[in-house]
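[1] Next come a sequence and a model predicted from it.
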Amino acid sequence: LHELEIIAAHMPEKYRPMVMLSSWCGLRFGEVTELRRKDLDLTNAVIRVRRGVVRANGERIVGTPKSEAGTRDVAIPPHLIPMLQAHRDSLSLRGRDALLFPAADGVSHIAPSTLYRVFYPAREAAGRPDLRWHDLRHTGAVLAAQTGATLAELMGRLGHSTPAAALRYQHAAQGRDAQIARRLSEIAQH
């Protein structure tokens, strides 16, 4: 979590919610960059993942998520709501179909290279030059597994269609149990 906090702190403010949604909600890059105002339900603390954007042959193609299971509603952790509300309210375009994380023109999808220009220095600041954007999603999966989420719950949250991927995160969380116990004691001593 400390590394995640450093990364978020070193990102420009307009991209911090992308980091948080990718990590705490386990969204894929193409899912988070295709999110629109209508997909963000802050009243009920839910993100509706209905589409994703991919690049193919130099074009951006918007389609359904990677698998049928990828179409899902993801509960937003309450601590993210104020940040997401401030971000949504700061956007110049107010229509329901306006992108939450547009490119500089306000209407196009953000290019991965644009995000990487700010993500790479942020991951360096966290001492993690090896981190890929997709690793934020893995962080979210392990965090969810650490809460005791069942395999079915992990599959639903992450949009997995088979148990194999979700099982990896459960095993990773179990392997970190001793570290978690130490951290809990550290919290108790503060």
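    Looks like it came in fine. Numbers count the residues shown, from 1 in each chain.
[2] SS state for the residue nearest to the spatial centre of the chain?
    For the chain, S22 is the residue whose C-alpha lies nearest the centre (Cα atoms, centre = their mean; 1.0 Å). Following DSSP: H, G, I helix; E, B strand; the rest coil, the label given to S22 is helix.
[3] wait, what's in contact with it?
    By Cβ atoms under 8 Å, 6 or more residues apart in numbering, the contact list for S22 reads 28-29, 32, 133, 136-137, 140. For glycine as for every other residue, the C-beta is placed from the backbone atoms N, C-alpha and C.
[4] Check A69 too.
    155-156, 159-161.
[5] residues in contact with the closest residue to it other than its chain neighbours?
    With Cβ to Cβ, 6 or more residues apart in numbering as the criterion, A69 has its nearest non-adjacent residue at 4.1 Å, and that residue is S161. S161 sits next to 67-70, 155 when contact means Cβ under 8 Å, 6+ apart.
[6] can you tell me which of those residues are in helices?
    By the criterion of DSSP state H, membership of these in helices covers M155.
[7] TSV please, covering the contacts of S161 and showing distance to L100 and pLDDT.
    Output for these, formatted as TSV (distance: Cβ to Cβ, whole Å; pLDDT from 0 to 100):
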residue	distance to L100	pLDDT
S67	23	70
E68	24	74
A69	22	72
G70	18	80
M155	25	81
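[8] Could you give me the ChimeraX syntax to select whichever of the contacts of S161 are buried?
    Under the burial definition 16 or more other Cβ atoms under 10 Å, those of the contacts of S161 that qualify are selected in ChimeraX by:
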select :70,155
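[9] With that, I have no additional questions.
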